[in-house]
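Enquirer: What follows is a predicted protein model with its sequence.
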Amino acid sequence: MSSEELKFKFNLVYLLPILTSLLVGFGCAWLLKSPQGSSALPGVPPVTPFPDTTITGPVSNAIFFMVVVALSATVFYFLLKQNKAKFIKIAIFAVMTLGSTLLSIIYLSTLLADTPYYNLYLIIGLTILITALFDLAIFKFTKAQNIAVICFGGSFGALFSFLLPQYSAIAILIFLAIYDIFAVYRGPVGKIAQSGIDQLSGLSYSFKDIQMGLGDLFFYTVLMCYMFFNFPISILPTIMSVVGICIGSIITFYMLEKKGIFPGLPFPIAIGLALGFIASLLI
């Protein structure tokens, strides 16, 4: 996260985008966990390259995703440094368009799976429409950009969590929360934030005096949905993970008042995981 240091003062209203993204993610997670979700996504393999059944599997998967995130951030920083704004826009457009298309197909297929309205041509048509509106919101209508980014982070985070093996999910969250500290203070993320994260239109959102990366919203949702998918007996771990994310975010916002830039993952992920697992012991 970054802020206009001299202006920013924390207020509870700054939690609104985070809670909105989590609410979107929870709705998507509920849909994926329903019988329609099972029928729309039969036998989908995990998104991790290494099996979760081995001792080293979760750690290997966490390192793999950490390397992917680090390389992606480094490439974007290099392009920014070289003033390759056109290449950045093309890359972001391709990634966001592909992502919104994939999400639209999956969630529309799930929504319409057991209805008389399920039709391949209808899903394709609606997918094209939603993707076009999404791209317009991200790259044309700036007032709608934040809403599109928030909804994308929530819906994509829910799907990613759904496809993650149990132990790999924990390892990925922990490793990326630790990496976020390095990336902000010594790595490419901090340098991108200092040069203007708003140049990565679609990969960040601004709300009042703060700017937050899409990755923060994405991984908050992954954490919450992990609790939802893996502790189905009770909703308590899910609720407590959200409480933990909010507490961690409040701490992060207060740190922003002093530093102007601060990693968005460590406190929310650590406290969210801790409260979620404590709650799981009570059910």
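Expert: It's in. Numbering: from 1, shown residues only.
Enquirer: For this protein, which segments count as strands?
Expert: Along the chain, the segments classed as strands by DSSP state E run 2-3, 204-207, 210-213.
Enquirer: Would you mind putting these into CSV with mean neighbour count alongside?
Expert: Every C-beta, even on glycine, is put in place using the N, C-alpha and C of the backbone. As requested, the strands of the chain are exported to CSV (neighbours: other C-beta atoms under 10 Å):
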stretch, mean neighbour count
strand 2-3, 26
strand 204-207, 20
strand 210-213, 22
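Enquirer: Indicate which one of the ones you listed is closest to residue 57.
Expert: strand 210-213 (27.7 Å; C-beta to C-beta).
Enquirer: ranking the strands of the chain by mean pLDDT, which is last?
Expert: Among the strands of the chain, strand 2-3 carries the lowest mean pLDDT, at a mean of 62.
Enquirer: Quick one: closest of the strands of the chain to residue 167.
Expert: Short answer: strand 210-213, nearest of those by C-beta to C-beta, at 25.8 Å.
Enquirer: Restricting to C-alpha, output the closest one in CSV.
Expert: Only the C-alpha atoms of strand 210-213 are listed here, as CSV (Å, rounded to 0.1, in the frame of the first residue of the first chain):
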residue,chain,number,x,y,z
ILE,A,210,-4.3,5.6,-0.6
GLN,A,211,-3.3,3.3,-3.4
MET,A,212,-3.5,-0.5,-3.0
GLY,A,213,-2.3,-3.2,-5.4
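Enquirer: Parallel or antiparallel, list what pairs with it.
Expert: strand 2-3 (antiparallel), strand 204-207 (antiparallel) (DSSP bridges).
Enquirer: spatially speaking, which residue is in the middle of the protein?
Expert: With distances taken as C-alpha atoms, centre = their mean, residue 218 lies nearest the centre of the chain, 0.7 Å away.
Enquirer: and the gap between that one and residue 24?
Expert: 11 Å (C-beta to C-beta, to the nearest Å).
Enquirer: which neighbours do these two share?
Expert: residue 153 (C-beta atoms under 8 Å, 6 or more residues apart in numbering).
Enquirer: Not counting its neighbours along the chain, what's nearest residue 46?
Expert: Leaving out its chain neighbours, the residue that sits closest to residue 46 by C-beta to C-beta, 6 or more residues apart in numbering is residue 165, at 5.1 Å.
Enquirer: where does the stretch 151-283 of the chain have low pLDDT?
Expert: Applying pLDDT under 70 to the stretch 151-283 of the chain flags residues 194-200.
Enquirer: Going by residue numbers, what spans are helices in it?
Expert: 166-185, 188-196, 214-230, 236-259, 266-280 (DSSP state H, counting those that start in this stretch).
Enquirer: ok, back up a step: for the residue nearest to residue 46, grab phi and psi.
Expert: phi -60, psi 150 (degrees, to the nearest 10).
Enquirer: quick one, what contacts it?
Expert: Here residue 165 is in contact with 46, 48, 51, 52, 57, 58, 61 (C-beta under 8 Å, 6+ apart).
Enquirer: same thing but 7 Å
Expert: Counting by C-beta atoms under 7 Å, 6 or more residues apart in numbering, residue 165 touches 46, 48, 52.
Enquirer: and the second one, how many neighbours?
Expert: If I follow you right, that is residue 48. Residue 48 has 21 neighbouring residues, counting by other C-beta atoms under 10 Å.
Enquirer: Please tabulate the contacts of residue 165 in a markdown table, including the columns pLDDT and distance to residue 138.
Expert: Output for these, formatted as a markdown table (pLDDT from 0 to 100; distance: C-beta to C-beta, whole Å):
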| residue | pLDDT | distance to residue 138 |
| --- | --- | --- |
| 46 | 74 | 28 |
| 48 | 90 | 28 |
| 52 | 89 | 34 |
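Enquirer: a markdown table for those residues, including distance to residue 76?
Expert: Listed next are these as a markdown table, based on distance: C-beta to C-beta, whole Å:
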| residue | distance to residue 76 |
| --- | --- |
| 46 | 27 |
| 48 | 24 |
| 52 | 30 |
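Enquirer: Looking at the residues you listed, spot the one nearest residue 71.
Expert: The closest of the contacts of residue 165, once distances to residue 71 are taken by C-beta to C-beta, is residue 48, at 17.2 Å.
Enquirer: Quick check: which of the helices of the stretch 151-283 of the chain is nearest to residue 29?
Expert: Per C-beta to C-beta, nearest to residue 29 of these: helix 214-230, 4.4 Å.
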